[in-house]
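Trainee: below is the structure, and that's it, no one-letter string:
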Ligand SMILES: CN1c2c(nc(N)[nH]c2=O)NC[C@@H]1CNc1ccc(C(=O)N[C@@H](CCC(=O)N[C@@H](CCC(=O)N[C@@H](CCC(=O)O)C(=O)O)C(=O)O)C(=O)O)cc1
Ligand SMILES: N[C@@H](CCS)C(=O)O
Ligand SMILES: [Zn+2]
């Protein structure tokens, strides 16, 4: 009989309980036992939600206090030596994720690198591997959490990151010898997987979900052998366990040639991103016994499933392989969608009726199964679902003829600045008169509790708009004064008025709605609340001009306006699924073009249009990438080119590997790009040199995700290293990213060090 399954449940819970718990632990407000007990309670609640919804295959070990890749590094003992002398195991775990500075104990370790999890806004911790890496099972979290659920009467399917993805998603550590390939560690890693799987088998697990999302990427030929070796070894070692292999976020593509022949018991298809894979996989598994998990419910978006369509897809698979071999599932883990719609009391009821968050998605999965196993039993739900889809399709809320007309009127000149960079740079320097190694920041200053509480009070109606604005203006005044004092050359207003760099604009643009509780984990305890694009996007009023003009009025130094770029606005929102992503992005770009132009007209000399998500949005398979880069670059250009040469356009990118999109970065033609760099081991800079990047560039001098204050010497040697690759006249000095997650004390110490480093560099500039 066809069965229902989930691949992973969001960890934060309905009101970000996990975030609050972990942060309370870090702040010393609760002890270790409270952390352990609190997390256990949340897991129990989440298992119960899934069981009550009627899900048969419920995941365990999908839960994590920080990140599931970090959990695996910890479980397999892949802990870099710099963390060795942190005595407590929990502190060590968190230090790997976020760094730790305890001068009294002689502890000062930066965090490990974070990277985007495929094309999502979730960040994972990047493993570091060298010939010295010695794997051992140093923690049994997957077994412990399986037993925890079992004790509650819930048989779960533990989720583990597969051995090939585990290594592939890491990197060679900086002390690894040249030519060392981390995949060569597979042989020494497999025995530890075997040990873990044997323990899971002994504990009573029937199935294990092995995630190998690396299969959604183009893989070199060697991967066939890696997978064959890994899966022959681990399946043979735990013969009573059934292996559910999951890849998601895209097509198996040519990887299917070897995946279908692995000795596994079920294979998952992301039927939302890769609908074509359904028939391809089905034909490849004909004559075999393995089950097919059909991921028809979208784990990456919040729209209601088209149940009739999904039922048809599942029935097609059943017809081909038989109902006993079919599993209905979300397309990927539900980690990337918010907890439940039930908490949303303020959202427009019509639009809310088009949506499903994680809990509702579980019910969709079960409804699809019931529609097949007990025909007629869910007819009312199916009718309601069809009606909601019909209403959405024909809703006047969605379409705006003015926006459509503006899109049609775009001409090629709208994608070009007036002059080339060299000409613009001269005019800008005449106006700005910046020193060599000009210092700046990426935009945000600490979003303190005070700022957030002030916004919360205003939103609740406890303070007036005038009071809120007065508060924000006083924060801007403090930030401007602070920047002048520490010696920065180009200032920012600090982004205090923004809850988030995307959500804020979503709240101001037409065509968007936003949720109250639609939180999604971004990294560690940090969450984002992606706004929801439901219709044509337009700008009803200038969104940032007043604030930037106010900030500029407080100083003689140049002020940088601050906007979020069109691709990032798209990528970090839940987007409409009824038109191509490119079309939605052009709509956002048109709205931003008006804002950029208004800022320039208001006398703001520099405008930064952040595009941190441009690399994240890159399609996973090479054959799809050029088309994306074409519209992504054009969208940025559309947003940024309606300004005179004298206006300096900045952009900013972070937390991705940018090497493979270099030509596109150059094509953005920004006057300056500030880019996350401090943990990139100079790889990024080599690419800037290799591709002969011609415009201004500010590679980050320090990591901003850790409370650790970078010593001046550390930044000085980083700047010297950078200067070997980037010409001095193009070089800017700045942190990796915005400072919103930092406190003022460490921000001041770090920026003072940074400005001092720039000052010293000016006294002996490298030609
Ligand atoms: C640059 N990054 C961003 C990404 N995606 C985005 N959408 N935005 C980004 O900035 N992706 C890549 C990186 C990820 N980095 C970060 C960095 C920091 C955060 C973060 O700090 N998130 C906050 C939530 C931010 C927010 O929306 N705050 C609201 C609501 C505040 C709140 O919780 N209020 C409390 C009351 C106040 C209090 O007691 O503190 C409440 O409602 O209970 C606001 O400021 O108004 C986080 O806390 O996780 C995310 C990604
Ligand atoms: N301007 C934003 C960019 C973050 S990627 C900030 O400073 O927070
Ligand atoms: Zn950034």
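Mentor: Structure's in. What do you need? In this text the structure is predicted, and so the values were computed from the model without any measurement. Ligands and ions are numbered 1, 2, ... in the order given.
Trainee: residue 408: neighbour count?
Mentor: Neighbourhood size, residue 408 [other C-beta atoms under 10 Å]: 7. Using the backbone N, CA and C atoms, a C-beta is placed for each residue, glycine as well.
Trainee: what about the residue lying closest to residue 75 once chain neighbours are set aside, distance to ligand 3?
Mentor: Spatial nearest neighbour of residue 75, excluding adjacent residues (C-beta to C-beta, 6 or more residues apart in numbering): residue 139 at 4.7 Å. With distances taken as C-beta to the ion, to the nearest Å, residue 139 is found 32 Å from ligand 3.
Trainee: check what pLDDT residue 139 gets.
Mentor: Among the per-residue scores, residue 139 shows a pLDDT of 96.
Trainee: what sits against the residue in the stretch 1-150 of the chain that ligand 2 sits nearest to?
Mentor: Residue of the stretch 1-150 of the chain nearest ligand 2, by C-beta to the nearest ligand atom: residue 121 (11.0 Å). Contacts for residue 121 (C-beta atoms under 8 Å, 6 or more residues apart in numbering) come out as 336, 520, 522, 528, 530, 571-572, 613, 616.
Trainee: would you check how far apart it and residue 79 are?
Mentor: Using C-beta to C-beta, to the nearest Å, one obtains 27 Å as the distance from residue 121 to residue 79.
Trainee: next one: residue 646
Mentor: Using C-beta to C-beta, residue 646 is found at 52 Å from residue 79.
Trainee: if you count surrounding residues, which of those two has more?
Mentor: Neighbours per residue, other C-beta under 10 Å: of residue 646 and residue 79, the larger number sits with residue 79, 20 against 17.
Trainee: does that one really touch residue 89, like I thought?
Mentor: No: at 10.0 Å, residue 79 does not count as touching residue 89 under the criterion of C-beta atoms under 8 Å.
Trainee: still on that earlier bit, the residue of the stretch 1-150 of the chain closest to ligand 2: which element?
Mentor: Applying DSSP states H and E as the criterion places residue 121 outside every helix and strand.
Trainee: mark which of the contacts of residue 121 are part of helices, please.
Mentor: Judged by DSSP state H, helices contain the following of these: residue 571.
Trainee: now, which of the contacts of residue 121 sits nearest residue 704?
Mentor: In terms of C-beta to C-beta, no member of these lies closer to residue 704 than residue 522, at 14.1 Å.
Trainee: could I get the pLDDT score of the closest one?
Mentor: Reported pLDDT for residue 522: 97.
Trainee: list the beta-bridge partners for the nearest residue to it once chain neighbours are set aside.
Mentor: Once flanking residues are discounted, residue 522 sits nearest to residue 528: 4.8 Å by C-beta to C-beta, 6+ apart. Here residue 528 sits in beta bridges with residue 520, as judged by DSSP bridges.
Trainee: for the one 10 residues further on, same thing?
Mentor: Note on residue 538: beta-bridge partners by DSSP bridges are residue 510.
Trainee: do the helix or strand hosting residue 124 and ligand 1 meet at all?
Mentor: Here residue 124 sits within strand 123-125, counting by DSSP H and E. No: Strand 123-125 does not reach ligand 1 (C-beta under 6 Å from any ligand atom); its nearest approach is 6.7 Å.
Trainee: which elements pack onto that strand?
Mentor: Using 3 or more C-beta pairs under 8 Å, 6 or more residues apart in numbering; DSSP states H and E as the contact test, the elements touching strand 123-125 are helix 68-75, strand 114-116.
Trainee: ok, and what's touching the helix or strand following that strand?
Mentor: Downstream of strand 123-125, the next assigned helix or strand under DSSP H and E is strand 128-129. Here strand 128-129 makes contact (C-beta under 8 Å, 6+ apart) with 78, 80, 112-113, 167, 170-174, 176, 182, 185.
Trainee: right, and residue 746 touches residue 709 too?
Mentor: Yes: taking C-beta under 8 Å as the definition, residue 746 is a contact partner of residue 709 at 5.2 Å.
Trainee: check the most centrally placed residue in the chain and give its pLDDT.
Mentor: Note on the chain: the residue nearest the mean C-alpha position is residue 121, at 1.5 Å, using C-alpha atoms, centre = their mean. Per-residue pLDDT puts residue 121 at 96.
Trainee: same question, the one 4 residues further on
Mentor: Confidence per residue is given as pLDDT, and for residue 125 that number is 97.
Trainee: who touches it in this structure?
Mentor: 66-67, 69-70, 73, 96-97, 111-114.
Trainee: ok, and the closest non-adjacent residue to it?
Mentor: Leaving aside its chain neighbours, residue 125 sits nearest to residue 70 (4.1 Å; criterion: C-beta to C-beta, 6+ apart).
Trainee: ok, that neighbour touching residue 79?
Mentor: No: in this structure residue 70 lies outside contact range of residue 79 using C-beta under 8 Å: 10.1 Å.
Trainee: can you work out which residues contact both of these two?
Mentor: Counting by C-beta under 8 Å, 6+ apart, the shared contacts of residue 70 and residue 79 are residue 96.
Trainee: how many other residues sit next to the residue nearest to residue 522?
Mentor: Using other C-beta under 10 Å, residue 528 has 20 neighbouring residues.
Trainee: that one and ligand 3, how far apart?
Mentor: Remark: distance between residue 528 and ligand 3 (C-beta to the ion) = 13 Å.
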